[in-house]
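# A predicted structure for the sequence below; I have some questions about it.
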Amino acid sequence: MKAAKSKSDTKNSGRLAVKKREAPAVKKAPAKKAKDTKDPNKPKRPASAFFVFMEDFRKQYKEKHPNNKSVSVVGKAGGDKWKSLSAAEKAPFVAKAEKRKAEYDKTLQAYNKKLTEGKDAEEDEGEESDKSKSEVHDDDDDDDDSAEVIYLINY
């Protein structure tokens, strides 16, 4: 005995029921600030004591394990070694890091001083040039405003 078909069965007999989903929301990138632009002349921050240690450790590790190509293995081994060191064993690396930090502070102060001197000079020049920039008019541009645009369509 056959079962009776409902109206919905006959209506969609050849189709699969597919639920439509909404398109995922597009995330907007945060607006970039003017301060985000990096100055290539700015001195780089010094390495911490751990990274000073890793400079030496990488060389030693590479000598012992010449076939290792994985950076993550070296990093994990270095981290484990650093944790196992005592304060006395870490002292030379901390001293090197502090020395680099002192040098960085000196170069950063010189850099900031140079920036402030440069901005003062630009402000003095900027007062004179603002007026001349705003009053520049080109007569050639007036002719282009009244020109008609013609589109050619090929069939």
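Now that the structure is in, tell me what you want to look at.
# was I right about residue 96 contacting residue 49?
Yes: Residue 96 is within contact range of residue 49, at 7.5 Å (criterion: Cβ atoms under 8 Å). For the C-beta atoms, the positions are set from N, CA and C on the backbone; glycine is no exception.
# what about residue 88? Give its phi and psi, please.
In terms of degrees, to the nearest 10, the main-chain angles of residue 88 are phi -70, psi -40.
# that one: neighbour count?
By the criterion of other Cβ atoms under 10 Å, residue 88 has 7 neighbours.
# list the contacts of residue 78.
Counting by Cβ atoms under 8 Å, 6 or more residues apart in numbering, residue 78 touches 53-54, 57-58, 61.
# TSV for those residues, including secondary structure and distance to residue 82?
Listed next are the contacts of residue 78 as TSV, based on DSSP: H, G, I helix; E, B strand; the rest coil; distance: Cβ to Cβ, whole Å:
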residue	secondary structure	distance to residue 82
53	helix	6
54	helix	8
57	helix	8
58	helix	12
61	helix	12
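# can you tell me which of those is nearest residue 44?
residue 54 (16.4 Å; Cβ to Cβ).
# got the residue ranges for the helices in this protein?
Using DSSP state H, the helices found in the chain span residues 7-11, 49-64, 71-84, 87-134, 140-145.
# gap between residue 61 and residue 27?
Shown here: residue 61 relative to residue 27, a distance of 40 Å by Cβ to Cβ, to the nearest Å.
# now swap in residue 65 and tell me
Residue 65 is 42 Å from residue 27, where distance means Cβ to Cβ.
# circling back: quick one, which of the helices of the chain gets closest to residue 22.
Comparison of the helices of the chain against residue 22 by Cβ to Cβ identifies helix 7-11 as nearest, at 24.4 Å.
# tell me where the model's unsure across this protein.
For the chain, applying pLDDT under 70 flags the ranges 1-14, 17, 23-24, 26, 28-36, 121-153, 155.
# I am finished for the moment; much appreciated.
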